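Q: Only the shape, not the letters, is given here:
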């Protein structure tokens, strides 16, 4: 269980760094953006303002 990682990167685009990460326990998607020495992560929202959720397989 110690080797199981909670977050999984599912998308990467090379513009600085832009990635989408999924929390494997909740299915919530996060957008990570990095440029130079700065970066941030936020919940990825759909057009209705609700979190994007990937179905969790257990």
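A: Arrived safely, thanks for sending. All figures in this text were calculated on a predicted structure; none of them were measured in a lab.

Q: so residue 17 touches residue 33, yeah?
A: Yes. Under the criterion of C-beta atoms under 8 Å, residue 17 lies in contact with residue 33, with a separation of 6.9 Å. (Glycine included, C-beta is placed from N, CA and C.)

Q: Could you name every residue contacting both of the two?
A: Common neighbours of residue 17 and residue 33 are listed as residue 39 (criterion: C-beta atoms under 8 Å, 6 or more residues apart in numbering).

Q: Neighbour count for these two, which is higher?
A: A side-by-side neighbour count of residue 17 and residue 33, using other C-beta atoms under 10 Å, places residue 33 first with 15 against 12.

Q: right, and that one touches residue 20 too?
A: No. With contact defined as C-beta under 8 Å, residue 33 does not count as touching residue 20 (10.3 Å).

Q: residues contacting the residue positioned nearest the centre of the chain?
A: The residue at the geometric middle of the chain, judged as the C-alpha nearest the mean C-alpha position with C-alpha atoms, centre = their mean, is residue 21 (2.1 Å). If a contact means C-beta under 8 Å, 6+ apart, then residue 21 has 7, 8, 9, 10, 29, 30, 32, 41 as its contacts.

Q: Restricted to buried residues, select the residues you listed in ChimeraX.
A: Once 16 or more other C-beta atoms under 10 Å is used to decide burial, the buried members of these can be selected in ChimeraX as follows:
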select :29,30,32
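
Q: Right, I'll leave it there.
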